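1. Predicted coordinates and the sequence they were generated for:
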Amino acid sequence: MTRLLISVFALLATFILPTFTLLATAQTPQESAALKRAELFIAIRDNDAAGVKRSLAQGADANSRNWLDFSPLMWAAMCGNQEIVETLLAQGAKSDDDSIYGSALTFAELGRNEKIALWLLDKGVKPDPSRLDKASPLMLAAANGHVNLIERLLQQKCDPNAQDTDGATSLIYAARLGQTATVQALIKGGANINTADSHKRTALLYAAMNGWSQTVDVLLANRADVHAKDKQGATALLLTARYNGDKTIVSRLLKSGADASVKDNNGKSAFALAQSRGYKDAAGLLRKFGAQDTSFQNIAFAQPRSVSKAIANSLMVMQKSMKAFAAQAKCVSCHHQGLGMMTLGYAAQRGFLVDKELMGNTMKHIGEEGQQSAVFIHQALENPHIGKMIPAVDIGDFAIGAGYIFGAPIANGVPANPGFAELAQFLAQQQTPEGSWKFGFNREPMQSSYVTTTALNLQILQAYGQPDKIAKNMERAKQWLLTTPTPNAEDKASRLLGLKWAGATNAERAKARRELLAAQRADGGWSQLPTLRSDAYATGLALYALAVGGGQSVNEPAYQRGVHYLLRTQDEDGSWYVMKRATPANTYMDGGFPHGEAQYSSFAGTCWATMALLQVTAAPQTALR
């Protein structure tokens, strides 16, 4: 590992920049057009209708494309300002232009803007799918619970049984997220109940797996096949017992004829799964229905495996997926390269076996992309116009991307250098006046909290910023964190981390620590939202924040309850399942991690769960091995 670090240090030292020639004051036509386009996208991002009109009046092209091949109309439809959408159309924006991510109609649904989607249909926009992954506007409307839009699309003869490239139908999209009203509308419109996707999962299996009892009721009432099995041999009953233990769903499935004696490909029955995962009510109900499994005793809150074994298993499945993802992806990602490398770096520090070649190649990839950006960041610090044209700034995602990705060199012990200092300074310039950092796309769970975005950027400023240049940014962020509402567990956890990285005292962090502890559920876990069940993403992040941000002893009962929750809910393959909530902004790609279209949320959850468990192991070593 020492040799690896030396090579990484040498590579990332290339961020130490010589003097670069700034762009000339007299811009070329191409540079001028690029700046006008960036300013138009930024005005749309900021919901600045007057700024949009001003950019168009100054020559910005209403049909230009940004670095992601979005048109201004697509971006405006997603951001949700109808006045801006109307302005762009009045200036000649092409309403039916498409991209691999879809047309403006699709983008309206990506932003969950049903009103704009309906308005576009009124203007004659075609509902034809154009996304690379064949996710149609009907599918996105189903996931979003937009009944009015679904009825309108069905009237326009959109096929309710069309499948995306992963085999999912609109009904499956709705069932995965418990959108009962849209499930009913789709069934009324002719949706086939028992169509399965590429994982052989039907709408019923997804509804049961994610614990949506009302949706399960509707599907069962419409003769959903209670005996259907997925590729792992799991029925709806087995998935319920494994992932949520909802007693109501278990009862309804059993009354509908579900076979409690069936075992999945891992040899687990529903009773054994409910028992081992701590779902006592479900296990008791299954026993009443005659389910027996003498190999399991009442071990609801026992540790089914050691912490070290759980970590080792998770590292194996993560590294396998990181290799598969890297072989397909063309860019550095927030999840596999950013959060994944954070996890591997901390695991290596604590003596766990990690793939040195994978880590070296990933750090090289991060370094190469950082090298390309470094020149422009250096120039942007002297010329704000250049900063507007740096990729991801126009859509507000530079800060969140950097926050995750540059957590990797921090976790792997890469020291500060002038190039990183310039990155930190540029990130400081992206801070809002009130003290936070934001994002443009909403992609739950990794990209759904401004508090998380702020905390991640504070980590970079603390590690690589020049204290005299960032002191005011740190103080402004600390004050924002101390006063901003934190309605869910992720906000509470990230606030605690952010306060730590902003230099807050223990006394200033005390309230945040208490509020995070108070959000712990009876099962020992934390949930992403008050309306959802506990999961590995929220629990792992909460535990990590308590240990790192709050100085919580890992031997305290609350921390141990969280550890036990993670240990008993880990799958046999080393992963943790985390339900997908995000509307699919990116086109779907199988990155080689378990759980199909929920693999990216599950990968993130597995990372945070692993980092939380790592806090229980031996203290970090001074040198990686």
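-> Structure received. Numbers count the residues shown, from 1 in each chain.
2. Quick check on Ser527: phi, psi?
-> Backbone torsions of Ser527, given as degrees, to the nearest 10, read phi -110, psi 150.
3. neighbours around Asn506, how many?
-> Counted with other CB atoms under 10 Å, residues neighbouring Asn506 total 11. Yep, even glycine has a C-beta here, placed from its N, CA and C like the rest.
4. Hmm, it is touching Gly551, no?
-> Yes - at 6.8 Å, Asn506 and Gly551 qualify as touching, with contact defined as CB atoms under 8 Å.
5. mind checking the SS state of Gly338?
-> At Gly338 the chain is in helix, as set by DSSP: H, G, I helix; E, B strand; the rest coil.
6. residue boundaries of the strands in the stretch 501-625 of the chain?
-> 526-527, 534-535 (DSSP state E, counting those that start in this stretch).
7. Can you name every helix or strand that the last one contacts?
-> Under the contact criterion of 3 or more CB pairs under 8 Å, 6 or more residues apart in numbering; DSSP states H and E, the helices and strands touching strand 534-535 comprise strand 526-527.
8. Within its sheet, name the partner strands of the strand it packs on and how each one runs.
-> Note on strand 526-527: by DSSP bridges, its sheet partners are strand 534-535 (antiparallel).
9. So for Met74, which of the strands of the stretch 501-625 of the chain sits nearest?
-> Closest to Met74 of those is strand 534-535 (CB to CB; 31.9 Å).
10. got TSV for the strands of the stretch 501-625 of the chain, with distance to Ser32, mean neighbour count and mean pLDDT too?
-> Putting those into TSV (distance: least, CB to CB, whole Å; neighbours: other CB atoms under 10 Å; pLDDT from 0 to 100) gives the following:
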stretch	distance to Ser32	mean neighbour count	mean pLDDT
strand 526-527	50	24	98
strand 534-535	48	25	98
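11. and of those strands, who's closest to Gly367?
-> strand 534-535 (33.2 Å).
12. Provide a list of residues in contact with Ala493.
-> Residues in contact with Ala493 (CB atoms under 8 Å, 6 or more residues apart in numbering) are 516, 526, 538, 541-542, 544-546, 549.
13. any idea of the pLDDT on it?
-> The model reports Ala493 with a pLDDT of 98.
14. and if you look at the one 5 residues further on?
-> For Gly498, the pLDDT comes out at 98.
15. Please report the distance of it from Gly102.
-> As judged by CB to CB, to the nearest Å, Gly498 and Gly102 stand 34 Å apart.
16. Show me which of those two is the more surrounded one.
-> Taking neighbours as other CB under 10 Å, Gly498 and Gly102 compare with Gly498 leading, 31 against 28.
17. any idea which element the nearest residue to that one once chain neighbours are set aside lies in?
-> Leaving aside its sequence neighbours, Gly498 sits nearest to Ala455 (CB to CB, 6 or more residues apart in numbering; 3.4 Å). Here Ala455, judged by DSSP states H and E, is contained in helix 450-464.
18. Could I have the CA atoms of that helix written out in PDB?
-> Output in PDB follows, covering the C-alpha atoms of helix 450-464 (Å, rounded to 0.1, in the frame of the first residue of the first chain):
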ATOM      1  CA  TYR A 450     -28.200  20.600   0.800                       C
ATOM      2  CA  VAL A 451     -26.900  19.800   4.300                       C
ATOM      3  CA  THR A 452     -25.000  16.700   2.900                       C
ATOM      4  CA  THR A 453     -23.600  18.800   0.000                       C
ATOM      5  CA  THR A 454     -22.500  21.500   2.500                       C
ATOM      6  CA  ALA A 455     -20.800  18.900   4.800                       C
ATOM      7  CA  LEU A 456     -18.900  17.200   1.900                       C
ATOM      8  CA  ASN A 457     -17.600  20.600   0.700                       C
ATOM      9  CA  LEU A 458     -16.500  21.600   4.200                       C
ATOM     10  CA  GLN A 459     -14.500  18.400   4.400                       C
ATOM     11  CA  ILE A 460     -12.600  19.500   1.300                       C
ATOM     12  CA  LEU A 461     -12.100  23.000   2.600                       C
ATOM     13  CA  GLN A 462     -10.800  21.700   5.900                       C
ATOM     14  CA  ALA A 463      -8.400  19.200   4.300                       C
ATOM     15  CA  TYR A 464      -7.100  21.300   1.400                       C
END
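19. before we move on, back to that, could you pick out which of the contacts of Ala493 are located in helices?
-> Counted as lying in helices by DSSP state H, out of the contacts of Ala493, are 516, 538, 541-542, 544.
20. got those as JSON lines, with distance to Arg152, pLDDT and neighbour count columns?
-> Shown next, in JSON lines, are the ones in helices among the contacts of Ala493 (distance: CB to CB, whole Å; pLDDT from 0 to 100; neighbours: other CB atoms under 10 Å):
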{"residue": "Leu516", "distance to Arg152": "43", "pLDDT": "98", "neighbour count": "27"}
{"residue": "Ala538", "distance to Arg152": "36", "pLDDT": "98", "neighbour count": "28"}
{"residue": "Leu541", "distance to Arg152": "39", "pLDDT": "98", "neighbour count": "30"}
{"residue": "Ala542", "distance to Arg152": "41", "pLDDT": "98", "neighbour count": "30"}
{"residue": "Tyr544", "distance to Arg152": "44", "pLDDT": "98", "neighbour count": "25"}
